[in-house]
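Chemist: I would like the atomic coordinates for the input below:
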Amino acid sequence: MPLDQVNLGFTAERPEIPVDLARTLLGVVRQRLGLDIAWLSSFHDGMQVIEVLDGAADALDVSPGQRSRLSESYCVRVIDGRLPAVIPDTAANQITAALPITSVANIGAYVGVPVLSQSGAMVGMVCVASQQAKPYLADDDLRVVKQVADLIGTLVDTPPRGADPTAEQRKAIRRVVCDHDFEVVFQALYDAETGRVVGVEALSRFPCEPFQPDAFFTQAALLGLDVELETAIVRRVLSLIPQLPADVFVSMNISPAAALAVPWSDLLAQIDPARLVLEITEHDAVPDYGALDEVLEPCRARGMRLAVDDVGAGFASFSHVLELAPEFVKIDQSIIRHIDVDDARRRLARAIAEFAGQIGAAVVAEGVETQGELDAVAAAGIPLAQGYHLGRPQPHGHGFAPGPTAVGAEPTPTTVDLLGERPFELALAHSPIGMAVVGLDGTFLRTNRALRSMLGYSRRTLAGMTFQEITHPDDLDKDLALVNDCLTGRRRSYRMDKRYIAADGHVVWCALTAVLVHATRDRPLCFVSQIVDVTADRLREAELARRAATDPLTAIANRSAGWGRLEDLDASGAGYGVLFCDIERFKSVNDRCGHHAGDHLLVEVAARLLAAVDDDDLVARWGGDEFLVITDTVDDAGLARLAERITAQLERAPITLPDGTDTRIALTIGYAAHRPGDGRGIDAVLDDADQAMYDQRRSASLPT
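Modeler: Predicted coordinates:
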């Protein structure tokens, strides 16, 4: 079918949407995100069909009209929560890294948002992707894609009433149940205070419409297949428990009807029942608690525990708690949502936690989506939490334990796993100091808000840069040498003070601590850097050093600073010259006009000396009315010319004293030089210059 005839209503009976409009919208979102390609797909009978595409079609293996199985796609995993809608780096996400479509289509970064029709039916997906990873992708980019998906959704209608849109869907559901064609994933439950994983919840995912688990179970129940499906899922979960970490429990949802039908004695024979927690769902009524207790009591006697799910969502959940006396009470996400800003929700959650404590049950907060909610959960005395903010559902082979490898083969390293990701994520995102994950080539793989605020770069800008590009040139060689020491095994970490170039060009002094992270077999993987802004400390230190080296009256270098310069020059073996300058008849000015006038005179002489010398020369107040000029000139002719410039500068105009009178000032200047290899020390050079000054004064006083 020609592209301009594609019907974006997805069936012949639905109104067409202009392809040009859809392509324009896709082009806008693609360019806004800086990705290679964007497309609009539709869903049909478990297949995804590419309807409209914008961008470089050859960049990825995607083309208009292309069909692929939804079960193998990113889309279905975004819909059911296994994947986030924004994946900046598919290689860094364990699920996408393992999916064949990632390598087949050469996907490096991905953003996907479902398209909902006016009636709320899920009809397709807006996807944006690129070959290269894009670490800068964030929630702001997701909002842009959602706006486009929503706009397209308003132009799509549901099927006419006369059609039967669920016939194929029912057939697909029957096949899933018959063939046990579903996937089990696990979502971690965390200790809200420490971030330690204490358990995992088993969740089922399905390869065909309606995709969302709740909706799928509802459709299966309408077909009379719900208990059969749940029993199959229980068998699958129990078979996976031995492959999960031994120190975590495994919970799973089950309806009261399925709990009564499952052959527990047979299934529990293969596992330790103490590791299993059954979550009795609130949505189905329990016609006979006595019968349910009779079935579950032998299992509980062997160690299996119960949880009541969705507590607070309805009155029936509290009946479950009272009748079942569970070991866990899970507070519904409707109460946890916005708990950090809603006092009523906080009070209700705290009341449920107190009630649970009285009956000896542990409390779990479901649906934690933000750091604020997690903080509020911990403050409410709720010990356990789960939700997308803490970790998404993942297959059992991702993050729980290393998978089998061939003898002598090196396992593929994973930088983030289900059991270790959250504490690091919290440290990175919420640390008050700058943090970054840096690649071995210096690229910024991840940065936190504190670092970006410190240096003034956006997430996107830093993602396209290396630390070399923003390091002050004078510090780069030392930094690279320390990095090389780490990569060659001479050290595991290093610390240095260095300067970064901020986005506006100013220099930021930072204390950098970098630790090399290793993968399996001690192979270098990346650096984790902590970066503390010490600019204020440096400025204070510089100011203290300046004051210690500055004459407080004239604001030029003092004797200590002058002596330090001479020592540096002497240690380097370089030659140097010195000029002793003494103000003639200075005492008479003090006696006649007062010390205030004398101070004014010293300040003006210092300023004129600075104006006469070169930028590299140092002028220091040596004491009283004596000044010392230190220069790299070592020949007598050059020193004589410098003395003449100083004299001319002093004699160019009289100095006006505070009382308004003008006075002319002359300097007596003596000079000497240390030349490389002449064997003279600093004292000898200064003595020679001092003697030359007195010789000059004596000769000037002799009668002519």
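
Chemist: In the protein, where's the longest helix?
Modeler: helix 682-701 (DSSP state H).

Chemist: Would you mind writing the CA trace of the longest strand anywhere in the chain as CSV?
Modeler: With secondary structure taken from DSSP state E, the chain has its longest strand at strand 507-518. Extracted in CSV, the C-alpha atoms of strand 507-518 (Å, rounded to 0.1, in the frame of the first residue of the first chain):
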residue,chain,number,x,y,z
VAL,A,507,37.0,28.6,36.6
VAL,A,508,35.7,26.4,39.3
TRP,A,509,38.2,24.8,41.7
CYS,A,510,37.2,21.3,42.7
ALA,A,511,38.4,18.5,44.9
LEU,A,512,38.1,15.4,42.7
THR,A,513,38.1,11.9,44.0
ALA,A,514,37.9,9.2,41.3
VAL,A,515,37.5,5.5,41.9
LEU,A,516,38.0,2.9,39.1
VAL,A,517,35.1,0.4,39.0
HIS,A,518,36.1,-3.1,37.8
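
Chemist: and the longest helix of the chain, average pLDDT?
Modeler: Regarding helix 682-701, the rounded mean pLDDT is 87.

Chemist: following the longest strand of the chain, which helix or strand shows up next?
Modeler: Next helix or strand after strand 507-518 toward the C-terminus (DSSP states H and E): strand 524-533.

Chemist: where's residue 676 relative to residue 616, distance?
Modeler: Separation of residue 676 from residue 616 (CB to CB, to the nearest Å): 17 Å. The way it works is simple: take the backbone N, C-alpha and C, and place the C-beta from them, glycine included.

Chemist: How far off centre is stretch 189-199?
Modeler: 21 Å (CA atoms, centre = their mean, to the nearest Å).

Chemist: Any buried residues in that stretch, and which?
Modeler: 189, 190, 192, 195, 197, 198, 199 (16 or more other CB atoms under 10 Å).

Chemist: Show the contacting residues for the closest residue to residue 80 other than its chain neighbours.
Modeler: Excluding its sequence neighbours, the residue lying closest to residue 80 (CB to CB, 6 or more residues apart in numbering) is residue 205, at 5.0 Å. By CB atoms under 8 Å, 6 or more residues apart in numbering, residue 205 lies in contact with 76, 77, 80, 82, 182, 183, 184, 185, 213, 393.

Chemist: can I get these in TSV with neighbour count and pLDDT?
Modeler: Below are the contacts of residue 205 laid out as TSV (neighbours: other CB atoms under 10 Å; pLDDT from 0 to 100):
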residue	neighbour count	pLDDT
76	24	84
77	25	85
80	19	78
82	21	80
182	19	84
183	17	85
184	17	87
185	21	87
213	16	83
393	26	84
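
Chemist: So which of these sit within strands?
Modeler: Using DSSP E, the contacts of residue 205 in strands are 183, 184, 185.

Chemist: Correct me if wrong: the second one contacts residue 241.
Modeler: In this case it means residue 184. No: applying CB atoms under 8 Å as the test, residue 184 and residue 241 come out as separate, 10.7 Å apart.

Chemist: Just the buried residues of stretch 93-101, please?
Modeler: Of all the residues in stretch 93-101, those buried under the rule 16+ other CB under 10 Å are 93, 94, 95, 96, 99, 101.

Chemist: Tell me who's in contact with the fifth one.
Modeler: I take that to be residue 99. So residue 99 contacts 72, 74 (CB under 8 Å, 6+ apart).

Chemist: Show me which residues of the longest helix of the chain are buried.
Modeler: Neighbour-count burial for helix 682-701 [16+ other CB under 10 Å]: 685, 686, 688, 689, 690, 692, 693, 696.

Chemist: same deal with stretch 115-135?
Modeler: Counting neighbours by 16+ other CB under 10 Å, stretch 115-135 gives 115-117, 121-130, 133-135 as buried.

Chemist: Could I get the buried residues of helix 682-701 in JSON lines, plus columns for distance to residue 662?
Modeler: Formatted as JSON lines, the buried residues of helix 682-701 follow (distance: CB to CB, whole Å):
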{"residue": "685", "distance to residue 662": "36"}
{"residue": "686", "distance to residue 662": "34"}
{"residue": "688", "distance to residue 662": "35"}
{"residue": "689", "distance to residue 662": "30"}
{"residue": "690", "distance to residue 662": "30"}
{"residue": "692", "distance to residue 662": "30"}
{"residue": "693", "distance to residue 662": "26"}
{"residue": "696", "distance to residue 662": "25"}
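
Chemist: Where does the prediction get shaky in this protein?
Modeler: Applying pLDDT under 70 to the chain flags residues 1-18, 45, 119, 156-166, 282-285, 313-317, 396-431, 519-522, 700-704.

Chemist: can you list the domains in it?
Modeler: Domain segmentation of the chain under automatic domain parsing yields 3-154, 169-395, 431-539, 549-701.

Chemist: what two of the contacts of residue 205 are the furthest from one another?
Modeler: 76 and 184 (14.9 Å; CB to CB).

Chemist: Mind checking what secondary structure residue 149 has?
Modeler: helix (DSSP: H, G, I helix; E, B strand; the rest coil).

Chemist: residues near it, how many?
Modeler: Neighbour count of residue 149, defined by other CB atoms under 10 Å: 21.

Chemist: what about the helix or strand hosting residue 22, distance to the chain center?
Modeler: Using DSSP H and E, the element containing residue 22 is helix 19-33. Here helix 19-33 is found 29 Å from its chain centre; the criterion is CA atoms, centre = their mean.

Chemist: let's number from 23 now, not from 1
Modeler: Will do, 23 is the new start, and the previous item becomes helix 41-55.

Chemist: Buried residues, that helix. List them.
Modeler: Going by 16+ other CB under 10 Å, helix 41-55 has these buried residues: 41, 44, 45, 47, 48, 51, 52, 55.
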